[in-house]
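*Asks:* A structural model of the following input is requested.
(chains A and B)
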Number of protein chains: 2
Amino acid sequence: MAPSSPDTDFTPILCTVDVVLLTLERQELHAVLMQRPHGPCAGAWALPGGYIHAQEDGTAWDAAARVLRHKVGIASPYLEQLATYSGAERDPRGWSVSIVYCALVPAEMLPASAPGLQRAPVHRLPPLAFDHADMVALAVSRVRSKSQYSSLPVYFCGERMTLPQLQAVYEAVLGEPVNKVSFRRKIDELGMLEPIEGVLESGAAHRPAQVYRLRPPYRRALSLVARGLNA
Amino acid sequence: MAPSSPDTDFTPILCTVDVVLLTLERQELHAVLMQRPHGPCAGAWALPGGYIHAQEDGTAWDAAARVLRHKVGIASPYLEQLATYSGAERDPRGWSVSIVYCALVPAEMLPASAPGLQRAPVHRLPPLAFDHADMVALAVSRVRSKSQYSSLPVYFCGERMTLPQLQAVYEAVLGEPVNKVSFRRKIDELGMLEPIEGVLESGAAHRPAQVYRLRPPYRRALSLVARGLNA
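*Replies:* Coordinates of the predicted model:
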């Protein structure tokens, strides 16, 4: 605030949250979309979102978690702030702020597609309301760049996985092949997996692979490596 | 927005911007602070900030630029969104959102310290109002991590510099020594400097160093290297 005159211009501004809810399906990133039942943009596809409820939400994060709970029916273990979009022009109802969050979940956690609800591949989205297409693009780019350095993609996985399965998840997220030797070294460095004694999974054409489970702390917090997967 | 009932709960929320304005002075990161002339927290030090003016600001970025212009008297070439702080508890006036920006400027661009205005070393800040200390800490950590991979620290520099001067700036920002050979290779890779023909600067104990100038595009956009300075 200024050392000069009191700053009391206070025009009400619309405060909303939107959530880019991503999952991995058939080796491709998908975003969850909802059809808008009301104007503006009635009938258009949009991200799950809504007004901040000042009476009910402690913070914008709480509002985003409430939107996911009430509108999609899930609690996402990963729900992080992405960026804030704002301005006079982005919503015809008036000057608005949208605090955007990114959530990652395994596909099996999501409800099935239904009228008004779909998962669309992030590179073949239908036209989206407002600036929601920009939000998805930013989320995808952020998830890709974070995945180079962290355990982030495990949020797309279930409780158990083999190393070839996990590598396929990383490759789908990064959109490029990953060197197997370097991948295994990084996963080792991240220290996030533990083998389940005596449990092997037999792939079709391969010899049986050890099944791992995620160590519990990695469900709750990201782990980082010093250098990227392809470094 | 939901496919269910219309979402019309709309309690006015205070919408502000705050700017973590950083500079480098005596090889140390400093943040610009202003003393609050009014309550809440009258007399406390705080970041330059203020309400979004819906009638005047096109976006929150415009509001942050206006705050810097009117309250500090500068236009920062680098002004990027950092994160948004929000909640019922952070400001006694009510549920509030602060969209926080980070700006980097050369020290000579800033006005001199004056009553109600100071530059404080980021690791020895006075007590700050609201959650402003968290904002500074986040900005410093973001600037450090981006500086590993980009031309970001040049925003602290003037128009001309020698390589030893630029290396000292990087080292001050990163808070650790940088290997000279690897540093020069990265700077070369970034392609941001051009030598000024025939201009040398004689250091006290060293042989004269070539003076460089920043290529104009690097004043406007960040340049990135594939791997970090210390990779």
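*Asks:* use CA for all of it now, contacts and neighbours both
*Replies:* Noted.
*Asks:* what about the closest residue to residue A:41 other than its chain neighbours, how many neighbours?
*Replies:* Spatial nearest neighbour of residue A:41, chain neighbours left out: residue A:129 (6.2 Å); criterion: C-alpha to C-alpha, 6 or more residues apart in numbering or on different chains. Residue A:129 is flanked by 19 other residues according to other C-alpha atoms under 10 Å in any protein chain shown.
*Asks:* One more: residue A:210?
*Replies:* Counted with other C-alpha under 10 Å, residues neighbouring residue A:210 total 17.
*Asks:* which residues touch it?
*Replies:* Contacts for residue A:210 (C-alpha atoms under 8 Å, 6 or more residues apart in numbering or on different chains) come out as A:162-163, A:195-196, A:198-201.
*Asks:* How about residue A:81?
*Replies:* Residue A:81 makes contacts with A:61, A:99-102, B:83, as judged by C-alpha under 8 Å, 6+ apart.
*Asks:* Which one (most neighbours) among the residues you listed?
*Replies:* residue A:99 (28 neighbours).
*Asks:* Tell me which stretches of chain A form helices.
*Replies:* A:60-67, A:132-147, A:163-174, A:180-190, A:217-220 (DSSP state H).
*Asks:* Just name the most buried of the ones you listed.
*Replies:* Of all the helices of chain A, helix A:60-67 has the most neighbours on average by mean count of other C-alpha atoms under 10 Å in any protein chain shown, namely a mean of 23.
*Asks:* mean confidence for it?
*Replies:* Helix A:60-67 comes out with an average pLDDT of 97.
*Asks:* Please identify the buried residues of stretch A:113-128?
*Replies:* For stretch A:113-128, the neighbour count (16 or more other C-alpha atoms under 10 Å in any protein chain shown) marks A:116-122, A:128 as buried.
*Asks:* Please name whichever of the helices of chain A is nearest to chain B.
*Replies:* Closest of those to chain B is helix A:60-67, at 5.9 Å (criterion: C-alpha to the nearest C-alpha).
*Asks:* contacts for that closest one?
*Replies:* A:17-19, A:48-53, A:57, A:75-76, A:79-81, A:99, A:101, B:86-87.
*Asks:* can we see that at 7 Å?
*Replies:* A:17-19, A:48-50, A:52, A:57, A:75, A:101, B:86-87 (C-alpha atoms under 7 Å, 6 or more residues apart in numbering or on different chains).
*Asks:* Tabulate the contacts of residue A:81 in JSON lines, adding columns for distance to residue B:28.
*Replies:* Formatted as JSON lines, the contacts of residue A:81 follow (distance: C-alpha to C-alpha, whole Å):
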{"residue": "A:61", "distance to residue B:28": "34"}
{"residue": "A:99", "distance to residue B:28": "33"}
{"residue": "A:100", "distance to residue B:28": "33"}
{"residue": "A:101", "distance to residue B:28": "33"}
{"residue": "A:102", "distance to residue B:28": "34"}
{"residue": "B:83", "distance to residue B:28": "23"}
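*Asks:* Now compare those residues and name the two farthest from each other.
*Replies:* Taking C-alpha to C-alpha, the two most distant members of the contacts of residue A:81 are A:102 and B:83; they sit 13.4 Å apart.
*Asks:* List the ones among the buried residues of stretch A:113-128 that fall in strands.
*Replies:* Of those, the ones assigned to strands by DSSP state E are A:117-121.
*Asks:* Relative to residue B:168, how far out is residue A:55?
*Replies:* Distance of residue A:55 to residue B:168, computed by C-alpha to C-alpha, to the nearest Å: 50 Å.
*Asks:* For the longest strand seen in chain A, give the mean pLDDT please.
*Replies:* Secondary structure of chain A per DSSP E: the longest strand is strand A:14-25. Mean pLDDT, strand A:14-25: 97.
*Asks:* what's the answer for stretch A:97-108, then?
*Replies:* Per-residue scores along stretch A:97-108 average to 96.
*Asks:* what's that stretch in contact with?
*Replies:* Residues from elsewhere that reach stretch A:97-108, judged by C-alpha under 7 Å, 6+ apart: A:14-25, A:64, A:76, A:78-87, A:139, A:155-158.
*Asks:* which residues sit in contact with residue A:144?
*Replies:* Neighbours of residue A:144 in contact, by C-alpha under 7 Å, 6+ apart: A:173-174.
*Asks:* could you redo the last one with a cut-off of 6 Å?
*Replies:* Residues near residue A:144 by C-alpha atoms under 6 Å, 6 or more residues apart in numbering or on different chains: residue A:174.
*Asks:* related to what we said a few turns ago, need the ones in strands among the buried residues of stretch A:113-128 in CSV with pLDDT and distance to residue A:92, can you?
*Replies:* As requested, those are exported to CSV (pLDDT from 0 to 100; distance: C-alpha to C-alpha, whole Å):
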residue, pLDDT, distance to residue A:92
A:117, 93, 24
A:118, 95, 25
A:119, 96, 26
A:120, 97, 26
A:121, 97, 28
